[in-house]
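Chemist: got a predicted model here, sequence first, then my questions.
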Amino acid sequence: MDKKALEAFAREAAKSIKSQSDLEDFRKMLTKVTVETALNVELDEHLGYKKHAPKPSTNSRNGYSSKTIITDDGELPIDVPRDREASFEPQLVRKHQTRFQSMDDKILSLYAKGMTTREIVATFKEMYDADVSPTLISKVTDAVLEQVIEWQSRPLDAVYPIIYLDCIVVKVRQDKQVINKSVYLALGVNMDGQKELLGMWLSENEGAKFWLSVLTELQNRGVKDILIACVDGLKGFPDAINAVYPQTQIQLCIVHMVRNSVRYVPWKDYKAVTADLKRVYQSTTEEDALMALEEFSDKWNAKYPQISRSWTSNWENLNTLFNYPEDIRKAIYTTNAIESLNSVIRKALKKRKLFLTDESARKVIFLAIQDASKKWTMPIRNWRQARARARMCVFRPMLNTHSGPM
């Protein structure tokens with residue numbers, strides 16, 4: 001139907017539409033007529049002749065069966081044509097199908113946003129006047145587990161200039177007890193500057209040993225090199241990374257370092273201490289940073305000797321950012337990129353006090369990740385220029401080999 005025909009049809013229909021309710025009734029009627037007409041056309045093609053035309057075969061029409069499907073406008077009763085040999089398999093509305101795919105998408109979207117099964121049931125009743133059972137919601141969301149397996153085992157790029165490693169904690173029922181489990185997350189920045197979650201893993205507690213198995217899996221999935229790994233201060237973390245990727249440079253999260261440094265600093269000194277630490281990590285060169293750290297020690301060691309001691313002992317994994325231009329420094333001096341993802345996941349987890357199984361936790365987290373990744377459409381700010389400058393200075397040959405077009 002062309003535009004003019006549609007406009008003529010709309011003008012005719014508008015004569016009987018006087019309210020929002022009339023419009024909704026008309027939309028339902030139009031959907032019903034369209035679906036039933038399409039099903040009859042499918043049967044025509046299956047039988048090889050149109051209704052009332054001569055029959056080229058022994059098979060023929062055999063009336064209709066009634067069924068109700070859930071649409072965006074609620075429950076819709078339709079008549080599905082049948083054939084005598086029961087060989088007709090409609091494609092638009094398949095046998096045993098009770099809803100359109102768009103309804104599954106809505107269920108998954110609500111689930112990803114943190115709604116519980118009970119809340120989704122209530123939402124469908126309120127918005128669509130449709131009765132959706134908890135069993136149906138579980139069936140729809142369980143189908144996601146196959147996607148999780150495929151996603152978790154997909155091949156990865158050979159090189160990631162930056163990777164952020166972090167974990168969050170969820171409560172899971174196991175052996176009649178509620179225990180904390182860590183969800184390990186690896187967020188990569190690819191050669192185009194785009195963020196990409198490489199995988200998620202569940203374990204009973206966070207530890208460098210498990211991170212070693214995570215990194216080994218990334219290697220088995222095709223990751224040959226990582227330039228910079230941005231991590232928190234977990235003991236043994238840098239060693240675990242370098243055991244798999246010996247050339248990878250480690251950048252401890254500056255925000256975590258500052259937060260831990262001022263944890264026991266009273267308010268009267270808080271602003272002064274944080275300002276002096278800022279002079280360290282915002283220095284132009286490493287030489288300037290070391291001078292600022294020495295000045296910090298002279299000023300504050302009498303009161304807070306543990307601060308300069310911590311920065312000095314971790315300096316090998318704090319100074320990486322001074323090797324890179326400002327644009328890349330901004331990307332690596334904090335794990336904010338993965339922290340923002342964590343906040344999306346936590347929001348989805350908020351209403352669920354605990355999960356009955358690991359699989360139920362994976363479903364919610366995966367859907368939250370998929371929802372968040374829809375916004376990852378742009379590369380890191382000034383990525384192309386920053387990558388070009390960094391490549392000239394310190395990017396390794398492996399990175400240059402896989403750089404792609406500039």
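Modeler: Arrived safely. Numbering: from 1, shown residues only.

Chemist: kindly state the pLDDT recorded for residue 174?
Modeler: Residue 174 is assigned a predicted lDDT (pLDDT) of 86.

Chemist: what's across from it in the sheet?
Modeler: residue 177 (DSSP bridges).

Chemist: for the chain, which spans come out with low pLDDT?
Modeler: By pLDDT under 70, the weakly predicted segments of the chain are 1-10, 12-13, 52, 72-73, 97, 99-103, 128-130, 206, 389-406.

Chemist: three-state assignment of the residue of it most remote from its centre?
Modeler: Here the centre of the chain is the reference, and by CA atoms, centre = their mean the most remote residue is residue 54, at 55.7 Å. Assigned by DSSP: H, G, I helix; E, B strand; the rest coil, the conformation of residue 54 is coil.

Chemist: and the closest residue to residue 16 other than its chain neighbours, how many neighbours does it have?
Modeler: Among residues not flanking residue 16 along the chain, residue 22 sits closest, at 6.8 Å (CB to CB, 6 or more residues apart in numbering). Glycine gets a C-beta too; all of them are placed from N, C-alpha and C. Look at residue 22: counted by other CB atoms under 10 Å, it has 13 neighbours.

Chemist: also residue 45?
Modeler: With other CB under 10 Å as criterion, residue 45 counts 11.

Chemist: domains of this structure?
Modeler: Domains of the chain are assigned by automatic domain parsing as 1-95, 99-142, 156-401.

Chemist: just to check, the residue nearest to residue 16 is in contact with residue 15?
Modeler: No: counting by CB atoms under 8 Å, residue 22 does not reach residue 15; the two are 10.6 Å apart.

Chemist: now the strands for the stretch 201-350 of the chain?
Modeler: For the stretch 201-350 of the chain, applying DSSP state E, counting those that start in this stretch gives strands covering 225-231, 249-252.

Chemist: state the distance from the residue nearest to residue 142 when sequence neighbours are not counted to residue 252.
Modeler: Distances taken as CB to CB, 6+ apart put residue 363 closest to residue 142, at 7.4 Å, once the chain neighbours are dropped. In this view, residue 363 and residue 252 are 33 Å apart by CB to CB, to the nearest Å.

Chemist: more neighbours, the two?
Modeler: Shown here are residue 363 and residue 252; by other CB under 10 Å, residue 252 has more neighbours (26 against 23).

Chemist: and the more buried one, what are its bridge partners?
Modeler: Counting by DSSP bridges, residue 252 is bridged to residue 231.

Chemist: list the contacts of it.
Modeler: Contacts for residue 252 were tallied using CB atoms under 8 Å, 6 or more residues apart in numbering; they are 231, 232, 233, 314, 317, 318.

Chemist: out of the residues you listed, who's nearest residue 120?
Modeler: residue 232 (34.7 Å; CB to CB).

Chemist: tally of neighbours for the closest residue in space to that closest one that isn't next to it in sequence?
Modeler: Among residues not flanking residue 232 along the chain, residue 256 sits closest, at 4.9 Å (CB to CB, 6+ apart). Residues lying near residue 256 (other CB under 10 Å) number 17.

Chemist: how much space between residue 256 and residue 245?
Modeler: From residue 256 over to residue 245 (counting by CB to CB), the distance is 21 Å.

Chemist: and what of residue 371?
Modeler: For residue 371, the distance to residue 245 equals 30 Å [CB to CB].

Chemist: kindly report the same for residue 25.
Modeler: The value you get for residue 25 to residue 245, if CB to CB is used, is 63 Å.

Chemist: more crowded one of the two?
Modeler: The residue with more neighbours, out of residue 25 and residue 245, is residue 245; 19 against 14, by other CB under 10 Å.

Chemist: ok, now which ones touch the more buried one?
Modeler: Neighbours of residue 245 in contact, by CB under 8 Å, 6+ apart: 215, 219, 225, 226, 229.

Chemist: same thing with residue 314?
Modeler: Contacts for residue 314 (CB under 8 Å, 6+ apart) come out as 233, 252, 257.

Chemist: quick one: buried residues of the longest helix along the chain?
Modeler: When the chain is parsed with DSSP state H, its longest helix is helix 20-47. For helix 20-47, the neighbour count (16 or more other CB atoms under 10 Å) marks 28, 31, 32, 35, 36, 39, 40, 42, 43, 47 as buried.

Chemist: tell me how far the fourth one lies from residue 90.
Modeler: Spatial separation of residue 35 from residue 90 under the definition CB to CB is 10 Å.

Chemist: now the fifth one
Modeler: Look at residue 36 and residue 90: by CB to CB, they are 11 Å apart.
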